[in-house]
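> When you get a sec, could you give me coordinates for this:
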Amino acid sequence: MNAYFQLTLAQLRIFARNRSVIFFTLLFPVLLMVALGSFLGNGNTVSVNAIVLDQDQSASSQQFIDALRTQKAVSLAIGQDKTRALNELKKGDLQLVIVISKDYGKTVSTIKDSSPAGSSKTAKIAVYYDETNLATSQVGLTIVDQAADNVSKQIRQYRQWVTVEPKGIQAVTLKYIDFLVPGIVAMMIMSTNLNGVAGQIAAWRERGILRRMQSTTLKASTFIAAQITSRLILNGFQAIIVLLIGYLFFHTQVNGSWLLLILFVILGTLTFMSIGFIIAGLAKTPESAGPIAGFISFPLLFLGGVFFPVKNMPEVLQPFVKLLPITHLSNSLRQVMNVGADLSTLWPEAALLGGWMVVAFVIASISFKWE
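This is a model prediction of the structure:
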């Protein structure tokens, strides 16, 4: 046990004495967050993402959907699950949820068959919008109104036969900085453990430090436990700094459980440490460890949802991206901080990170070399 504590303290002293480590693992992510947050943090998205729930499935409802698609200012998707769509609206992933009711086509047919003077019916389209983002919502409602007007003219050119029924919902108000801060935390966890472990272990192996450790009574489990503990302390310190700066300067906050947030920090640390040990086992020299780690980590920064939402990426990449550990780490941290999600919602992310951790640890155990 004494050896474990001594190794943990020694590793922490190495972090403190290495100025480049302090800069890249602490100051650089903070500077990046402040820079991006200052320029982009207070801006909300200007795009209108909408989903149509066609409960009628008639020629009339398809006519309305076609009219919506002619409006280039809206990104339109077709869905089936109303509960899921409203949850996405509340989280800020959607700006509009357009519901075409089951009797829409029947109402349109009645309007067509009746005389102009005798018809008092209108076909209503329910549109759920975010009350906390009125600027974007009003743009979206105007677009739907325009589509309804175009359809009305095709039915009968007398008055507005298709009307929009707005229904406001209190959604979570999120800015880009709210999206960015959890991504920065995930980025630091990945960089510190993947790049840091690979470079340090490869350097110790080349200098013969690992060989001398192996010749002592030190157990491999004690060495690995000390590495894990020291890096968990460093990652916790990093996360606290980023969250504190985000709270003080940009008013971000943790809406969910701090314990769950810590759990995902630990899972992310263990996962990327294991991958770092794999790279250290493959790299013959410290010079080769850096490029290998960079080759893996650099694409993950842009593919893992750190700076940009995964849903905005090309559809052909999304199935691959959703398997990456950084994607699930950044998403789980974001869900806990921004939405207040609990483990019942985030257990798939926890399970996937745990699976990556186990598989990577097994491979690292096989590939690890003392010399």
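
> ok, now which ones touch the nearest residue to M190 once chain neighbours are set aside?
Among residues not flanking M190 along the chain, F272 sits closest, at 5.1 Å (CB to CB, 6 or more residues apart in numbering). Bear in mind the C-beta positions are built from the backbone N, C-alpha and C, glycine included. Contact analysis of F272 by CB atoms under 8 Å, 6 or more residues apart in numbering lists I189, M190, T192, N193, L194, V197, P325.

> after the helix or strand where F272 lies comes which helix or strand?
Element membership for F272, per DSSP states H and E: helix 258-282. Once the chain leaves helix 258-282, the next helix or strand it forms, by DSSP H and E, is helix 286-303.

> And whatever helix or strand comes next after that next one, what's buried?
Going down the chain from helix 286-303, the next helix or strand is helix 318-321, by DSSP H and E. Buried positions in helix 318-321, judged by neighbour count with 16 or more other CB atoms under 10 Å: V321.

> gap between the closest residue to V336 other than its chain neighbours and I184?
Taking CB to CB, 6+ apart, and ignoring the residues beside it in sequence, V336 has G256 as its nearest neighbour in space, at 3.9 Å. Computed as CB to CB, to the nearest Å, the G256 to I184 distance reads 17 Å.

> what is the mean pLDDT for stretch 354-368?
When pLDDT is averaged along stretch 354-368, the result is 83.

> So for G256 and I184, which sits in the more crowded spot?
I184 (26 against 20; other CB atoms under 10 Å).

> For that one, give its distance to L303.
Per CB to CB, I184 is found 16 Å from L303.

> Tell me which residues touch S60, please.
Per CB under 8 Å, 6+ apart, neighbours of S60: Y104, G105, V108, S109, A123.

> Quick check: mean pLDDT of the helix or strand harbouring it?
Per DSSP H and E: S60 is located in helix 59-69. In this model, helix 59-69 has a mean pLDDT of 86.

> And for stretch 287-301?
For stretch 287-301, the mean pLDDT works out to 77.

> do stretch 144-159 as well
Across stretch 144-159, the average pLDDT comes to 74.

> got it, and stretch 251-258?
The average pLDDT for stretch 251-258 rounds to 83.

> for the stretch 151-300 of the chain, which spans come out with low pLDDT?
Per-residue confidence of the stretch 151-300 of the chain (counting by pLDDT under 70) places the weak regions at 155-160, 170-174, 220-221.

> Would you map the helices across it?
Ranges of helices within the stretch 151-300 of the chain are 176-190, 196-206, 209-214, 220-250, 258-282, 286-303, based on DSSP state H, counting those that start in this stretch.

> Check which helices and strands the shortest one sits against.
So that's helix 209-214. For helix 209-214, the elements it packs on are helix 196-206, judged by 3 or more CB pairs under 8 Å, 6 or more residues apart in numbering; DSSP states H and E.

> and if you look at the longest one?
The criterion is 3+ CB pairs under 8 Å, 6+ apart, and the helices and strands that helix 220-250 contacts are helix 2-17, helix 28-40, helix 176-190, helix 196-206, helix 258-282.

> got the angle for it vs helix 258-282?
130 degrees (axes from the mean of the first three to the mean of the last three CA atoms, to 10 degrees).

> Check which residues of helix 220-250 are buried.
222-224, 226-232, 234-235, 238-239, 241-243, 245-246, 250.

> One more: the shortest one?
Counting neighbours by 16+ other CB under 10 Å, one finds that the buried residues in helix 209-214 are L210, M213.

> Pretty sure S75 sits in a strand.
Yes: counting by DSSP: H, G, I helix; E, B strand; the rest coil, one finds S75 located in a strand.

> how many other residues sit next to it?
For S75, using other CB under 10 Å, the count is 13.

> In space, what's closest to it - neighbours in sequence excluded?
N49 (4.9 Å).

> Which strands or helices does the host helix or strand of that neighbour pack on?
Assessed by DSSP H and E, N49 sits inside strand 48-54. The contact analysis (3+ CB pairs under 8 Å, 6+ apart) places strand 48-54 against helix 59-69, strand 74-79, helix 82-91, strand 96-100, helix 134-155.

> C-alpha coordinates for that strand, PDB please?
In PDB, the C-alpha atoms belonging to strand 48-54 read as follows (Å, rounded to 0.1, in the frame of the first residue of the first chain):
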ATOM      1  CA  VAL A  48     -35.200  25.800 -38.100                       C
ATOM      2  CA  ASN A  49     -35.300  22.100 -37.600                       C
ATOM      3  CA  ALA A  50     -38.800  20.600 -37.800                       C
ATOM      4  CA  ILE A  51     -40.400  17.200 -37.700                       C
ATOM      5  CA  VAL A  52     -43.800  16.300 -39.200                       C
ATOM      6  CA  LEU A  53     -45.900  13.700 -37.600                       C
ATOM      7  CA  ASP A  54     -48.400  12.600 -40.300                       C
END
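
> so how far is that strand from its chain's centroid?
21 Å (CA atoms, centre = their mean, to the nearest Å).

> Okay, now stretch 296-310: how far is its last residue from its first?
Stretch 296-310 has an end-to-end distance of 18 Å (CA to CA, to the nearest Å).

> can you list contacts of that stretch?
36, 179-180, 183-184, 186-187, 190-191, 194-195, 275, 279, 313, 317-318, 321-322, 324, 326-327, 329-331, 334.

> Which of the residues you listed are buried? Put it as a PyMOL command.
Those of the contacts of stretch 296-310 that count as buried under 16+ other CB under 10 Å are selected in PyMOL with:
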select buried, resi 36+179+180+183+184+186+187+190+191+194+195+275+279+313+321+324+326+327+329+330+331+334
